[in-house]
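[1] Turn this into a model:
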Amino acid sequence: MYEVNGIELSSSEYNELVMLSEAAERGDNPDEIANARLLDKETNAFNASTVQTYLSLHGRGLVSGHQICGGFHCTGITQRGLDFVSDYDKRMIEDKARAKSDRRHDYLVALFGSAVGFALGIIAEHFIGITAAIQSITQIPPQG
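    So this is what the prediction gives:
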């Protein structure tokens, strides 16, 4: 699921919206691209699954258009649709940056823990040596 700004989209809805957004950015006509996907020119019939996808996008205010003859005629992508794609892309970039930062933090914590463990091991070994030396000095030799 693709969720941003309180709107959840399925992968097919998101893919259609991205396709229209990219077409608009290139200066192409998004409604022509959408309508070519909605209506099969050879059979002159609407693609039912694509129609459902566009009806869902239209219901959320992401594309403009109207229902006709059991199908859908798209008249373009709305500003809300463009904003959805832009905001989702920004969120993905932020999530990747946050994950990278979290990984860096995890490495630093692991490195610090290793250094502290090494230092404590050296100190413990030193005190064990001192304790053994003190014990050997203070031991009373056996009376015989």
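[2] pretty sure His73 belongs to a strand, no?
    Yes - with DSSP: H, G, I helix; E, B strand; the rest coil as the criterion, His73 is located in a strand.
[3] Residues in a beta bridge with it, which ones?
    The residues paired with His73 through beta bridges, assigned by DSSP bridges, are His66.
[4] what's the helix or strand for the residue sitting nearest the centre point of the chain?
    A centroid search over the chain (CA atoms, centre = their mean) returns Met92, at 4.8 Å, as the residue closest to the centre. Following DSSP states H and E, the helix or strand that holds Met92 is helix 79-138.
[5] and that helix, what other elements does it pack with?
    Using 3 or more CB pairs under 8 Å, 6 or more residues apart in numbering; DSSP states H and E as the contact test, the elements touching helix 79-138 are strand 2-4, helix 11-26. For glycine as for every other residue, the C-beta is placed from the backbone atoms N, C-alpha and C.
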